[in-house]
Every structure is written in C-alpha cells, then in structure tokens.
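Colleague: Coordinates for the following, if possible.
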Amino acid sequence: MKRLAWLLATPLLASPLWAADLLQIYREAQTNDAVYAAAKGNLEAGQEKLPQARAGLLPTLGVTGNTQWNENEIRQRDGAVLAKPNFNSNGYSVSLSQPLFRWQNWVAYDQSQYLVAQAEANYVQASQDLILRTAQGPVAIPAAEVFF
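Modeller: I've put the predicted structure just below:
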C-alpha cells in the first residue's frame, strides 16, 4: 500500500511545477544575496570617484545676490519731517575661478581612474563568487530518479 501511494505521489514531486533551473536560481541569488548586493553598492560608490576627482580640475562658478530695504527720515532741528526717502538696494556678484595648475588634483584624478577599475574588478569577482556559490549549492535529486 505504501509503495502504491509513493508511486502515485512521485510524478507530482517531479513535476516541472517545482523545478528550477540553475539560471533561475542564479537570478534569484542576484536579487537576494547580501554579499553580491554589497559588492554592487561598492561598485556604484567607486564609480562616483571619477566625477568627484574631475571636479577638482574644473573651474568654480559662484553667484551671490542680496537685497536691502532702506527706510530713512530727514528731519529739521525742530523735529519736523522733511522727507522719507525709502528705497531698495540690490547687489549681484558673479565670480569664476580656475586654478592654473594644481598637481594634487591631477594626481587625485589619476588615482580615481585606478579606484574605479578596482571597484569594477571587485564587482566582477563578487559576480563570479555568486555563480560559484550558486552552482555549488545544494542540488536536489528529482524524486523520479530515486531508486528503491
């Protein structure tokens, strides 16, 4: 009786409904693996080093503005008000500066290129490790292949 129940249940266990291929498992691991997610975050942070270093080579532009309301009273010696000249003062300023040569900024730019390459290499290594961990993970033997 047990053998008959097992023979009837075996096709249900081996059905493709529960089967997952290695590529599907790898894609799920890409979305759920903490080590891979950390490597991806480190890659994105590392790729920002190049624009940050390039900013040290570019000119800086500064724009400022101000406004001030002035209320005045002009009085005579006896205290009588002669005039109330009220006016608004506005000021605007634009400045552009470009250092001619700063060696440390050029060195930082060169180093940032290496840091980006290192971040990309670490990400590729993490991807390869994820593939290896996925392939070495527990492998289920389909129930139809179990021999009595």
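Colleague: For the nearest residue to Gln52 once chain neighbours are set aside, which residues are in contact?
Modeller: Among residues not flanking Gln52 along the chain, Ser112 sits closest, at 7.1 Å (CB to CB, 6 or more residues apart in numbering). For every residue, glycine as well, the C-beta is placed using N, CA and C. Ser112 makes contact with Lys49, Leu50, Gln52, Ala53, Arg54, according to CB atoms under 8 Å, 6 or more residues apart in numbering.
Colleague: Spatially, and excluding backbone neighbours, which residue is closest to Lys49.
Modeller: Closest to Lys49 by CB to CB, 6+ apart is Ser112, at 4.4 Å.
Colleague: before we move on, which element is the one you found in?
Modeller: Taking DSSP states H and E as the definition, Ser112 sits inside helix 103-135.
Colleague: So Leu57 sits against Asn105, correct?
Modeller: Yes - using CB atoms under 8 Å, Leu57 is in contact with Asn105, at 5.5 Å.
Colleague: Which one's more surrounded, these two?
Modeller: Each of Leu57 and Asn105 has its neighbours counted (other CB atoms under 10 Å); Asn105 has more, 16 against 13.
Colleague: What residues does that one make contact with?
Modeller: Asn105 neighbours (CB under 8 Å, 6+ apart): Ala53, Gly56, Leu57, Pro99.
Colleague: Noted, bye for now.
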